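Peer 1: One predicted model, sequence on top.
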Amino acid sequence: MEKVGMGRRFLALTLDWLMSYAIVVALTGGLGGAHSSRSLSVLALFFAEVALLSALQGASAGHRLLGIRIVRFSDRGSITPLQALIRTTLLCLVITAVTFDDDGRGIHERLSNTVLVQR
């Protein structure tokens with residue numbers, strides 16, 4: 001299985017964030033100013049979307065659109081709900097998602113024993 005490059009990782013993350021943002025904006029009645037409650041709502045929706053879809057399908061919406069998925073690093077099997085929760089929690093901390101090792105895995109992936117691969 002082929003590793004996923006930084007560009008596809010960032011694009012998938014951006015797509016997931018923009019989808020969450022669009023939903024929150026639609027539900028709160030437009031773009032009128034940046035409110036801290038709206039920012040927290042976007043983060044909460046992003047977290048829920050990524051954690052749930054990763055646990056259930058092995059890929060967030062952005063991952064699916066780009067043809068990538070999350071698997072266990074050790075044996076390339078399906079991830080568990082706990083792995084999805086750990087990975088998503090650390091992903092939302094940002095710094096763990098932008099610090100990579102020689103395998104191209106972020107801290108959030110190392111601590112959850114996961115890796116992104118192409119479908």
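Peer 2: Received the coordinates, thanks.
Peer 1: what about residue 89, distance to residue 26?
Peer 2: Residue 89 sits 26 Å away from residue 26 when distances are taken as C-beta to C-beta, to the nearest Å. C-beta here means a position set from N, CA and C on the backbone, and glycine is covered the same way.
Peer 1: Who has more neighbours out of these two?
Peer 2: In this view residue 89 and residue 26 are compared by other C-beta atoms under 10 Å, and residue 89 has more residues nearby, 16 against 9.
Peer 1: For the nearest residue to residue 9 once chain neighbours are set aside, give me phi and psi.
Peer 2: Nearest non-adjacent residue to residue 9, counting by C-beta to C-beta, 6 or more residues apart in numbering: residue 116, 6.4 Å away. In this entry, residue 116 is assigned phi and psi values of phi -90, psi 130 (degrees, to the nearest 10).
Peer 1: Who are the packing partners of the worst-scoring helix or strand of the chain on mean pLDDT?
Peer 2: Comparing every helix and strand of the chain by mean pLDDT, DSSP states H and E singles out helix 107-112 as the least confident one, with a mean of 90. Secondary structure elements in contact with helix 107-112, counted by 3 or more C-beta pairs under 8 Å, 6 or more residues apart in numbering; DSSP states H and E, are helix 81-92.
Peer 1: picking up where we left off before, got the CA positions of the least confident helix or strand of the chain in PDB?
Peer 2: Extracted as PDB, the C-alpha positions of helix 107-112 are listed here (Å, rounded to 0.1, in the frame of the first residue of the first chain):
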ATOM      1  CA  ILE A 107       2.200  12.000  16.200                       C
ATOM      2  CA  HIS A 108      -1.600  11.500  16.000                       C
ATOM      3  CA  GLU A 109      -1.000   8.500  13.800                       C
ATOM      4  CA  ARG A 110       1.900   7.000  15.800                       C
ATOM      5  CA  LEU A 111       0.000   7.300  19.100                       C
ATOM      6  CA  SER A 112      -3.100   5.700  17.600                       C
END
